[in-house]
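S.K.: After the sequence you'll find the predicted model.
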Amino acid sequence: MKGFLLLCLLPLFGGQRSSACPHLCSCHDNQVDCSRRALTSSTLPTSFPAGTTSLRLHDNRLTSLPNGLLDDLTSLRSVSLHGNPWECDCGVLYLRALLLRQPPALTSHLGVNCSSPLGLRGRLVVYLTEKEVLESCHYWYCDLALASQVCLFVFVLLQAALLVVLIVFLKRFERLSKEAKRTREESLTAGENLREDEYALLKDSSI
């Protein structure tokens, strides 16, 4: 029974959360203002009120938008995104698709320029071609592949260094073992010779 009541109340609590104004933002008449808050892609709110019609995210430090961030805002009519240092790599695909869905009469795409990579700096995100975006993705993957190869090379060098140290240790251990064996044999030989000498002295003295 308690579980059933919790399931019934869960949508109510979820609705209250979705209608709350995000932290660091101000809300008024379905307009959410998160501009000039020094927001980054990691500190950006993960959700906005369901009835939001206008969203202001301009003049922050955003480099990308999480995939699907604004998909549930069916009442959204305008969004301002200019004044952010957008990184035009694989992560720009959602932002580009969002801008392409905006009505032509809106100017949401103006001022939404690439900050990096260098080859795309200053370009409007909405006018990037799929080829350019894919090339930036390939560039990112090349960097990742190069970093992986460097790490693999360092790992192989460490393995080689450990192998050399192990070989040197085994060689030294073998040499010490031979010296210890030889010393033991010499000690046993010396002891036998001493006993033979003592036996000969005792034999002579008895005669």
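M.R.: Everything's here; your move.
S.K.: Tell me, how many residues neighbour the residue lying closest to P117 once chain neighbours are set aside?
M.R.: Beyond its immediate neighbours in the sequence, the residue positioned closest to P117 (Cβ to Cβ, 6 or more residues apart in numbering) is S136, lying 6.0 Å away. C-beta: built from backbone N, CA, C; applies to glycine. The number of residues packed around S136, counting by other Cβ atoms under 10 Å, is 22.
S.K.: pLDDT score for S136?
M.R.: Here, the pLDDT recorded for S136 equals 70.
S.K.: how far is stretch 115-130 from where the chain is centred?
M.R.: 24 Å (Cα atoms, centre = their mean, to the nearest Å).
S.K.: go on, stretch 102-119?
M.R.: 27 Å.
S.K.: Buried ones in that stretch, by neighbour count?
M.R.: Buried residues in stretch 102-119, counting neighbours by 16 or more other Cβ atoms under 10 Å, are found at 102, 108-109, 112-114.
S.K.: Let's verify G119: helix, strand, or coil?
M.R.: Per DSSP: H, G, I helix; E, B strand; the rest coil, the secondary structure class of G119 is helix.
S.K.: Need the phi and psi values for L124.
M.R.: L124 has phi and psi values of phi -70, psi 130 when expressed as degrees, to the nearest 10.
S.K.: Let me know how buried it is, in neighbour terms.
M.R.: For L124, the neighbour count with other Cβ under 10 Å is 15.
S.K.: hang on, it packs against V112?
M.R.: Yes. Under the criterion of Cβ atoms under 8 Å, L124 lies in contact with V112, with a separation of 6.5 Å.
S.K.: Go through the buried residues of stretch 102-119 and say which is closest to L95.
M.R.: Nearest to L95, judged by Cβ to Cβ, of those is V112 at 7.4 Å.
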